[in-house]
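S.K.: pasting the sequence and the predicted coordinates here, then a few questions.
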Amino acid sequence: MALSASLLLRQNQSLVMTPQLMQSIQLLQMTHFELTQFIAQEVERNPLLEIAANDSDLGTTAPENVANFNDGDDDLSSAPTPSVTSDSDDWYGDRAANLGEQLDTSFENVFPDDAEPRKADAPELLSQWRSMPGQEAGESYDLDDFVAAKPSLHDHLNQQVPFAITSAEDRLIADALIGQLDETGYIAVDAVQETAERLGTTTAAAENVLKALQGFDPPGVFARSLSECLAIQLAQKDRLDPAMRAFIDNLELLAKRDFATLKKLCGVDEEDLLDMLSEIRTLNPRPGAGFESTVSETIVPDIIVRPSSEGGWLVEINPDTLPRVLINQTYFAEVSKHKTREGEDQDFLSECMQTAHWLTRSLDQRAKTIMKVATEIVRQQDAFLVNGVGHLRPLNLKTVADAIKMHESTVSRVTSKKYMLTPRGVFELKYFFSVSISSVEGGDSHSAEAVRHRIKTMIAQEAADAVLSDDDIVDNLKSSGIDLARRTVAKYREAMNIPSSVQRRREKKAMAKLSTY
């Protein structure tokens, strides 16, 4: 058979991951902070994009971003609004005129609009009243600009150095050691030797400086271990006797609740051991924590769930996390009229317009997808919203994906790092997904999170003379209709940082005796 070249026409369908499709997927899994940064970069690159001001839209939510389970409309716009008539202005004017005649003056003379501080009262503030550097006339002042910054741990320690260390060489060593402190006030074990080698001094000189620094405020700072931190604080209280020294040198026994061995090592009776334990509890294991300058991050929920006036739940997207991006059509039309070059300028404008339309459509689709997933989650977990975590139902991604006719990967991206504000608190969307635990008699299955909560509740309510073992917890769960293995109970207990029954019994008995003194 002879080989020959030929032309064939074939038509097929395939899914192509275009750059825009990949960016749409990335937009879906972005957090609010990441989305804000991405939009700011796009606005900077694209002259046709602009961010709309939120002042005029406060308290309003688009209808497509609100869902009610009872298919009712929670219409808040029908509420009566107060109206102001012109009669009030006439009343105020007549009243003001009558008061002016009675006082034999006018309000313009009593409260002049252009009032300024008199030069004789505060001549040095007269120029500051009118204007400040970098501030335009009429602009309000921000009091945060005048608030002093909170001193850091390093600043607090540097202020104490001149009062305790006089030698210039020792101050240089002290400055190097202060620079190696972590945020909790601890220093590395080999920091003294490394500092001595770097500064060309002896290890003994660095140790002497470290001992001086360990007497600084806050107590316990410059420690190289937890035992040394507690020892420094006890020494400043003149309570570091041999028994207490043996106690803090064996903190691992305290973590294991092995009080019998601690009594033998410290050579004290049970009453003295309880006194030592209560004194240890008053110490600060992290002396530098009060000077931490890190700002706590506030979680901004993406979805807000609240009870509806007609029953059920009202689900809506948080307006604060909903980006408002507009396309400046006026600017596009104005630039199109005055284009100087037909090629590059026109191509650039067309590309910017195409990118702007894609971004607005992607943001709208992102909001609708989040809304669909959140609405289905609330529908599935209605019992949790009403009764609490004990009634959390088992749920997986496939159930939600099948209900809203989407792929599991899409649901996974939506629930990643997205938060929902409910009457029960703020929860990540992934919190509502948990594995299923079978029932004893083949009834409704139970959520793993609800079972963990039940285990934690049982342990919290146990008495000192009736501590529950893992086998006891299994029996109690079976009586409630939950079929769970002992090793699973132990795994859940360890995941919640709950000690074993032996350790809990020791601790509860010790706390019971401590409360009697």
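M.R.: Happy to help now that I have it. Residues are numbered from 1 along each chain as shown.

S.K.: report the contact partners of residue 498.
M.R.: 456, 459, 504 (Cβ atoms under 8 Å, 6 or more residues apart in numbering). In this view, the C-beta of every residue, glycine as well, is placed from N, C-alpha and C.

S.K.: near residue 458, how many other residues are there?
M.R.: Counted with other Cβ atoms under 10 Å, the neighbours of residue 458 add up to 15.

S.K.: do me a favour and average the pLDDT over the one helix or strand it maps to.
M.R.: Residue 458 is part of helix 448-460, with elements assigned from DSSP states H and E. Mean pLDDT, taken over the full extent of helix 448-460, equals 90.

S.K.: next SSE after that helix?
M.R.: helix 470-479.

S.K.: which outside residues touch that following helix?
M.R.: Identification of contacts with helix 470-479 by Cβ under 8 Å, 6+ apart yields 440, 451, 454-455, 458-459, 468, 483-486, 489-490, 493, 501.

S.K.: let me know the average pLDDT across that helix.
M.R.: pLDDT averaged over helix 470-479 gives 90.

S.K.: which stretches of the protein have low pLDDT?
M.R.: 1-2, 54-65, 69-149, 292-297, 338-343, 440-444, 510-517 (pLDDT under 70).

S.K.: residue ranges of the strands in it, please?
M.R.: All strands of the chain, identified by DSSP state E, fall at 49-51, 66-68, 303-307, 313-317, 325-327, 419-422, 425-428, 436-437, 446-447.

S.K.: starting at the chain centroid, how far to the first one?
M.R.: Pointing back at strand 49-51 there. 28 Å (Cα atoms, centre = their mean, to the nearest Å).

S.K.: just the fourth one next, same as before
M.R.: A distance of 22 Å separates the C-alpha centroid of strand 313-317 from that of its chain, computed with Cα atoms, centre = their mean.

S.K.: now that strand against strand 303-307, angle please.
M.R.: Angle, strand 313-317 to strand 303-307, by axes from the mean of the first three to the mean of the last three Cα atoms, to 10 degrees: 160 degrees.

S.K.: sheet partners, orientation included, of strand 313-317?
M.R.: Strand 313-317 has its sheet partners listed here by DSSP bridges as strand 66-68 (antiparallel), strand 303-307 (antiparallel).

S.K.: and the helix holding residue 458, C-alpha only, in PDB?
M.R.: Extracted in PDB, the C-alpha atoms of helix 448-460 (Å, rounded to 0.1, in the frame of the first residue of the first chain):
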ATOM      1  CA  ALA A 448     -17.500  13.600  64.100                       C
ATOM      2  CA  GLU A 449     -17.400  17.200  65.300                       C
ATOM      3  CA  ALA A 450     -20.600  16.700  67.300                       C
ATOM      4  CA  VAL A 451     -19.200  13.500  68.900                       C
ATOM      5  CA  ARG A 452     -16.000  15.300  69.800                       C
ATOM      6  CA  HIS A 453     -18.000  18.000  71.500                       C
ATOM      7  CA  ARG A 454     -20.000  15.300  73.400                       C
ATOM      8  CA  ILE A 455     -16.700  13.700  74.600                       C
ATOM      9  CA  LYS A 456     -15.400  17.000  75.700                       C
ATOM     10  CA  THR A 457     -18.600  17.800  77.600                       C
ATOM     11  CA  MET A 458     -18.600  14.400  79.400                       C
ATOM     12  CA  ILE A 459     -15.000  14.900  80.500                       C
ATOM     13  CA  ALA A 460     -15.600  18.400  81.700                       C
END
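
S.K.: any idea how far the residue nearest to residue 413 when sequence neighbours are not counted is from residue 344?
M.R.: Excluding the flanking residues, the one nearest residue 413 by Cβ to Cβ, 6 or more residues apart in numbering is residue 29, at 4.0 Å. Note on residue 29: its distance to residue 344, by Cβ to Cβ, to the nearest Å, is 35 Å.

S.K.: remind me, longest helix of this structure?
M.R.: When the chain is parsed with DSSP state H, its longest helix is helix 344-380.

S.K.: returning to that earlier point: which of the strands of the chain is buried the deepest?
M.R.: Highest mean neighbour count among the strands of the chain (mean count of other Cβ atoms under 10 Å): strand 446-447, with a mean of 24.

S.K.: and that one, what does it pack against?
M.R.: Packing partners of strand 446-447 (3 or more Cβ pairs under 8 Å, 6 or more residues apart in numbering; DSSP states H and E): strand 436-437.

S.K.: what's the spacing between the strand it packs on and its chain's center?
M.R.: Offset of strand 436-437 from its chain centre (Cα atoms, centre = their mean): 30 Å.

S.K.: angle of the helix holding residue 458 against helix 470-479?
M.R.: 120 degrees.

S.K.: list of residues touching helix 448-460?
M.R.: By Cβ under 8 Å, 6+ apart, helix 448-460 touches 389-392, 394, 431, 434-437, 468, 473, 476-477, 480, 482, 484, 489, 492-493, 495-496, 498, 504.

S.K.: what remains of those residues if I keep only buried residues?
M.R.: 389, 392, 394, 431, 434, 437, 468, 473, 477, 482, 484, 489, 492-493, 498, 504 (16 or more other Cβ atoms under 10 Å).

S.K.: looking at those residues, which is nearest residue 410?
M.R.: Within the buried ones among the contacts of helix 448-460, the smallest distance to residue 410 is 18.8 Å, found for residue 431 (Cβ to Cβ).

S.K.: what about the closest residue to that closest one other than its chain neighbours, how many neighbours?
M.R.: Among residues not flanking residue 431 along the chain, residue 449 sits closest, at 7.4 Å (Cβ to Cβ, 6+ apart). As a burial measure, residue 449 scores 21 neighbours (other Cβ under 10 Å).

S.K.: same deal with the one 4 residues further on?
M.R.: The criterion is other Cβ under 10 Å. On that basis, residue 453 has 17 neighbouring residues.

S.K.: please report how far it lies from residue 509.
M.R.: Using Cβ to Cβ, we find residue 453 at a distance of 26 Å from residue 509.

S.K.: again, but for residue 365
M.R.: For residue 365, the distance to residue 509 - Cβ to Cβ - is 60 Å.

S.K.: same deal with residue 497?
M.R.: 20 Å.

S.K.: those two - which one has more neighbours?
M.R.: residue 509 (15 against 6).

S.K.: thinking again about what came up before, dump the strands of the chain to TSV, plus distance to residue 182.
M.R.: Listed next are the strands of the chain as TSV, based on distance: least, Cβ to Cβ, whole Å:
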stretch	distance to residue 182
strand 49-51	40
strand 66-68	48
strand 303-307	38
strand 313-317	41
strand 325-327	43
strand 419-422	31
strand 425-428	30
strand 436-437	42
strand 446-447	40
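
S.K.: of the ones you listed, which is nearest residue 281?
M.R.: Across these, closest to residue 281 is strand 425-428 (Cβ to Cβ), at 29.8 Å.

S.K.: buried stuff in the longest helix of the chain?
M.R.: For helix 344-380, by 16+ other Cβ under 10 Å, it's 349, 352-353, 355-356, 359, 362-363, 366-367, 369-378, 380.
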